[in-house]
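Trainee: Sequence and predicted structure below; questions after.
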Amino acid sequence: MAINCNLSTLMGANRLTIQDVFNNTGLSRRTISELYHDKVSRVDYGTLNKLCQFLDCDVQDLIKYTPDKVGETNASV
C-alpha cells in the first residue's frame, strides 16, 4: 500500500511556495515542508482542512492511495 501526498504538485500548479502556504494557512513551515516532500507518516484533520480551504481542493486531491499489487507486501509494517 502506498499513500502519497500531492501537495508539491498542487503547489506547483498554482505557482506557490512553502512560504506562500505558510503565510496563508498558519501551518508550521516544518509541517508544510514534510508534506511537500512526502515525508509524513500521519496528517492531522485540521491540517488537511486548512490546506483544502487554501488550495480550494478536496482531500483526495491532496492524498492519493495506491493499493499494492497482488503478492506485494509492505516491508515497513
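Mentor: Arrived safely. Numbers count the residues shown, from 1 in each chain.
Trainee: For the lengthiest helix in the chain, which helices and strands make contact with it?
Mentor: Counting by DSSP state H, the longest helix found in the chain is helix 45-55. The contact analysis (3 or more CB pairs under 8 Å, 6 or more residues apart in numbering; DSSP states H and E) places helix 45-55 against helix 7-13, helix 18-25, helix 29-36, helix 59-62. In this view, the C-beta of every residue, glycine as well, is placed from N, C-alpha and C.
Trainee: Just want to check the distance between residue 68 and residue 41.
Mentor: 18 Å (CB to CB, to the nearest Å).
Trainee: Which one's more surrounded, those two?
Mentor: residue 68 (10 against 7; other CB atoms under 10 Å).
Trainee: Let me know the helix or strand that residue 3 is in.
Mentor: Following DSSP states H and E, one finds residue 3 within strand 2-5.
Trainee: Would you mark the buried spots in that strand?
Mentor: Neighbour-count burial for strand 2-5, counted by 16 or more other CB atoms under 10 Å, picks out residue 5.
Trainee: How about stretch 37-49?
Mentor: 40, 43, 47.
Trainee: repeat for stretch 27-39
Mentor: 27, 31, 32, 34, 35, 36.
Trainee: just for the chain, where's the confidence low?
Mentor: 1, 71-77 (pLDDT under 70).
Trainee: Go again with 90.
Mentor: For the chain, the stretches flagged by pLDDT under 90 are 1-2, 41, 66-77.
Trainee: So which residue is dead centre in it?
Mentor: The centroid of the chain falls nearest to residue 5 when counting by CA atoms, centre = their mean (3.4 Å).
Trainee: so what's that one up against?
Mentor: 35, 36, 38, 40, 43, 62, 63, 64 (CB atoms under 8 Å, 6 or more residues apart in numbering).
Trainee: With that, I have no additional questions.
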